[in-house]
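*Asks:* can't give you the sequence, but here's the structure:
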Ligand code: 3HC
């Protein structure tokens, strides 16, 4: 498949990620069709895309005529998988993070889509190779990981499965550039890929903080936001969804370390349906898209220093495991996938090893989590000599 042959893009799943992906493709001129299992999901997706396009019209980023063309001509919806993928050159799956569901969908799609179509999954953590096991031609199967909210986050990780062909990676890189996003190649199919993996131990820390019950999430989020981070980590967990947060931790617990197991508080939130922004209540109460955070008292206990040390330690593992091409690309992925002003390697370049290892050792003792053990290259500072390009 060549880049200029790609005209029709099918998106499977009309949820938060699916409708955003459809919108950015339609805005870039692609004929886009969204497929879901219920008409109300599709109608809701169209409403949300309409509201987002209205915002762009109000900012004069697009004209009202362009909005109309995108909504009425470039985006269609369907309940029928064959109608969605039958003449698609690119199919992107964005259904819930359930391996069996994804494999079932791809088994069908593989039999219905044109033979040369590229099939992509927007999974945020799962093995591309495992999902690709369901399709006839795994060489044309790839991970295409968008960040939430899709219209506002620039990064797309392009993940190579064990059988993904070079040409498929190259075409996806060009497509991601065409939709005005920043592509970063993930060279190895490992849980969480680059950005989510780097954040994984911070999620384990949040889980431990919730169960310990000594520090309020508000306090940590307030401190983080005062450092210029767009959303505090607990606010972000609610924003993405407590269900997504929990499923991700369970996956890491199975694949990376039992330290990731979700604890009591997260289980309680799940059991009571407090799933974050989408249900109006999670770690916080939500008023529409705004979390009700008490920002009067910042945390003096755990602060951005701890979160940064954890992030750098995990970024070192990501580099050593050959998941990313360079430390520079890791930083670039963090900047564009989290709207951070710099990545962990750039932020820690001027720090001494002790400044990074001390917080890790203390956290390891306090929460009894081995995943915080400082990497040898952090202890001796040699991570600063890792390749940067
Ligand atoms: N199309 C294109 N661009 C749009 C747009 C649209 N429909 N709507 C808005 N934008 C642009 C705006 O013009 C603006 O661009 P600029 O920065 O160049 O001026 C940018 O998007 C931000 O828009 P807003 O000013 O409306 O956004 P806010 O300032 O209200 O911030 C936020 C909202 C972007 C959500 C911010 O709070 C944030 O960055 N939060 C962190 C989000 C994050 O970290 N996401 C990653 C989650 S993890 C994940 O997704 C992984 C997955 O696997 C679970």
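*Replies:* Great, that's in hand. In this text the structure is predicted, and so the values were computed from the model without any measurement.
*Asks:* going forward, measure contacts between C-alpha atoms and count neighbours the same way
*Replies:* Noted.
*Asks:* got a pLDDT number for the residue in the stretch 251-389 of the chain that the ligand sits nearest to?
*Replies:* In the stretch 251-389 of the chain, the residue that lies nearest the ligand is residue 338 (3.7 Å; CA to the nearest ligand atom). pLDDT, the model's per-residue confidence, is 94 for residue 338.
*Asks:* quick one, strands of this protein?
*Replies:* 8-12, 31-35, 75-78, 90-93, 118-121, 141-146, 155-160, 182-186, 286-287, 290-291 (DSSP state E).
*Asks:* the first one pairs with which strands, and in what direction?
*Replies:* In its sheet, strand 8-12 lies beside strand 31-35 (parallel), strand 90-93 (parallel), with partners assigned from DSSP bridges.
*Asks:* so the last one, near the ligand or not?
*Replies:* Right, strand 90-93. No: figure legend: strand 90-93 not in contact with the ligand (CA under 6 Å from any ligand atom); closest approach 13.3 Å.
*Asks:* what does the stretch 151-300 of the chain put close to the ligand?
*Replies:* 151, 152, 230, 231, 240.
*Asks:* so how do I select the buried members of the residues you listed in ChimeraX?
*Replies:* Those of those that count as buried under 16 or more other CA atoms under 10 Å are selected in ChimeraX with:
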select :151,230,231,240
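*Asks:* columns pLDDT on top of the residues of the stretch 151-300 of the chain next to the ligand, output as JSON lines?
*Replies:* Converted to JSON lines, these look like this (pLDDT from 0 to 100):
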{"residue": "151", "pLDDT": "97"}
{"residue": "152", "pLDDT": "96"}
{"residue": "230", "pLDDT": "88"}
{"residue": "231", "pLDDT": "93"}
{"residue": "240", "pLDDT": "94"}
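*Asks:* isn't residue 153 right up against residue 338?
*Replies:* Yes: using CA atoms under 8 Å, residue 153 is in contact with residue 338, at 7.4 Å.
*Asks:* tell me which of the two has more neighbours.
*Replies:* Taking neighbours as other CA atoms under 10 Å, residue 153 and residue 338 compare with residue 338 leading, 21 against 17.
*Asks:* list the contacts for the more buried one?
*Replies:* residue 153 (CA atoms under 8 Å, 6 or more residues apart in numbering).
*Asks:* please determine how far it is located from residue 272.
*Replies:* Per CA to CA, to the nearest Å, residue 338 is found 29 Å from residue 272.
*Asks:* then residue 143?
*Replies:* Distance from residue 143 to residue 272, by CA to CA: 33 Å.
*Asks:* higher neighbour count, those two?
*Replies:* Each of residue 143 and residue 272 has its neighbours counted (other CA under 10 Å); residue 143 has more, 33 against 9.
*Asks:* ok, and the closest non-adjacent residue to the more buried one?
*Replies:* residue 159 (4.5 Å; CA to CA, 6 or more residues apart in numbering).
*Asks:* burial count for that neighbour?
*Replies:* 30.
*Asks:* that one against residue 191, yeah?
*Replies:* No: checked against CA under 8 Å, the pair residue 159 and residue 191 is beyond contact range at 11.0 Å.
*Asks:* contacts for stretch 213-220?
*Replies:* Under CA under 8 Å, 6+ apart, the answer for stretch 213-220 is 209-210, 232, 234, 283, 293-295, 297-299, 301-303.
*Asks:* quick revisit: who does the residue nearest to residue 143 bridge with?
*Replies:* With DSSP bridges as the rule, residue 159 is bridged to residue 143, residue 186.
*Asks:* for it, give me the pLDDT.
*Replies:* At residue 159, pLDDT is 98.
*Asks:* how near is it to residue 57?
*Replies:* Distance from residue 159 to residue 57, by CA to CA: 34 Å.
*Asks:* likewise for residue 97?
*Replies:* From residue 97 across to residue 57, the span is 33 Å (CA to CA).
*Asks:* next, the buried residues of the lengthiest helix in the chain.
*Replies:* Counting by DSSP state H, the longest helix found in the chain is helix 39-58. Buried residues in helix 39-58, counted by 16+ other CA under 10 Å: 41, 42, 45, 46, 48, 49, 50, 52, 53, 54, 57.
*Asks:* then stretch 113-128?
*Replies:* Buried-residue list, stretch 113-128, by 16+ other CA under 10 Å: 113, 117-128.
*Asks:* near the ligand too, which of the residues you listed?
*Replies:* Restricting the buried residues of stretch 113-128 to contacts with the ligand (CA under 6 Å from any ligand atom) yields residue 124.
*Asks:* can you name the two of the buried residues of stretch 113-128 that sit furthest apart?
*Replies:* 113 and 125 (24.9 Å; CA to CA).
*Asks:* how about low-confidence regions in this protein?
*Replies:* 388-389 (pLDDT under 70).
*Asks:* domain map for it?
*Replies:* If you go by automatic domain parsing, the domain ranges for the chain are 3-186, 193-389.
*Asks:* the residue most central in space within the chain and the ligand, how far apart?
*Replies:* Centroid-nearest residue in the chain, with CA atoms, centre = their mean: residue 147, separated by 4.3 Å. Residue 147 sits at a distance of 4 Å from the ligand (criterion: CA to the nearest ligand atom, to the nearest Å).
*Asks:* so what's that residue up against?
*Replies:* 17, 153, 154, 155, 156, 337.
*Asks:* now residue 97
*Replies:* Counting by CA under 8 Å, 6+ apart, residue 97 has contacts 123, 124, 126, 244, 247.
*Asks:* try 7 Å
*Replies:* Under the criterion of CA atoms under 7 Å, 6 or more residues apart in numbering, the neighbours of residue 97 are residue 123.
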